[in-house]
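# here is my input, please return the structure:
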Amino acid sequence: MCGRFVLAAGIDRYAEWFGVDEINTEPLPPSWNVAPTDQVYGVVDVEGKRLLGSFRWGLLPHWVGRADAGHINARAETLLQKPAFRKAALTRRTLIPADGFYEWRRRDGSRTAHHITFHDGAPMAFAGIWSRWRAPDGGRLVTCAIVTGDPNPVVRPFHDRMPLALDPGVWDEWLDPMQRDPIAILDQLRPLPAENWVTWQVSDRVNSVRNNDPDLVAPV
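Presented below is the predicted three-dimensional model:
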């Protein structure tokens, strides 16, 4: 599962890394403690152009009546089966940039927080889906969820799920809205090799969303 992550490198860094053709959002403030319902970046393909926009984290299917927290994660195994995710998975896929994420290790009745990231500091590209939602009063939200799958050996000690960070070699096909073959879509959802990942323990200050500063990712 992914419930907190880091999005702090800056909009220009993500635009360059993901090779976007156009930035379609105002810059978001850097965050070392992104939480559900926060705004996050997302890369999408619109008529052959790669755009960088922003979404509220917590997918709301169009039929829900109120703006609750939504679905922050979507399981890869049921992505094309559950009504809440199926349409978005077929036609509205995105890459969600991240600089790392947090997980907690339970041991002897206590929990310790850990930061998980790429060993070279490169941005992660979480597989995501997105949706448009309209409130009864006419208000609108564009929302997203992160796709999760089985953990690799680095994440397995912490959780039985992990956000699926996609290899650059599959970005084009994942983003292509004309790719609607369920088998081909699911084939992109393969975790990167464990040697790409590194983790270390961080301060329990990350447990509170009120704390949001670079020290949250410092090793302890």
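
# count the neighbours of E16 for me.
As a burial measure, E16 scores 12 neighbours (other CB atoms under 10 Å). Where you see a C-beta, it was placed from the backbone N, CA and C, and this is true even at glycine.

# how distant is stretch 61-68 from the center of its chain?
Its chain's C-alpha centre and that of stretch 61-68 lie 20 Å apart, by CA atoms, centre = their mean, to the nearest Å.

# counting neighbours, which bits of the longest helix along the chain end up buried?
When the chain is parsed with DSSP state H, its longest helix is helix 83-91. For helix 83-91, a neighbour-count test (16 or more other CB atoms under 10 Å) marks A84, F85, R86, A88, A89, L90 as buried.

# and those as TSV, adding distance to F55?
As requested, those are exported to TSV (distance: CB to CB, whole Å):
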residue	distance to F55
A84	16
F85	15
R86	18
A88	11
A89	15
L90	18
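
# D21: which of the residues you listed is nearest?
The closest of those to D21 turns out to be A88 (CB to CB; 22.3 Å).

# now the spatially closest residue to that closest one that is not a sequence neighbour: which helix or strand?
Excluding its sequence neighbours, the residue lying closest to A88 (CB to CB, 6 or more residues apart in numbering) is I129, at 3.9 Å. Using DSSP states H and E, I129 sits in strand 124-134.

# only C-alpha atoms, please: export that strand in CSV.
What follows is strand 124-134, C-alpha atoms only, in CSV (Å, rounded to 0.1, in the frame of the first residue of the first chain):
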residue,chain,number,x,y,z
MET,A,124,9.7,7.3,-9.4
ALA,A,125,6.9,6.9,-11.9
PHE,A,126,4.0,5.3,-10.1
ALA,A,127,1.4,3.7,-12.3
GLY,A,128,-1.9,5.6,-11.8
ILE,A,129,-5.4,6.0,-13.0
TRP,A,130,-7.5,9.2,-13.0
SER,A,131,-11.1,10.3,-13.2
ARG,A,132,-13.3,13.4,-13.5
TRP,A,133,-16.0,13.9,-10.8
ARG,A,134,-18.8,16.3,-10.7
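
# which elements pack onto that strand?
The contact analysis (3 or more CB pairs under 8 Å, 6 or more residues apart in numbering; DSSP states H and E) places strand 124-134 against strand 39-46, helix 83-91, strand 93-98, strand 140-149, strand 162-163.

# beyond the last one, next helix or strand please.
Toward the C-terminal end, the helix or strand that comes next after strand 162-163 (DSSP H and E) is helix 171-175.

# what does that following helix contact?
With CB atoms under 8 Å, 6 or more residues apart in numbering as the test, helix 171-175 has contacts from 18, 43-45, 50, 93-95, 125, 127, 166, 179, 184-185, 188.

# hmm, try it at 10 Å
By CB atoms under 10 Å, 6 or more residues apart in numbering, the residues outside helix 171-175 that reach it are 18-19, 43-46, 50-51, 93-95, 125, 127-128, 147, 166-167, 179, 181, 184-185, 187-189.
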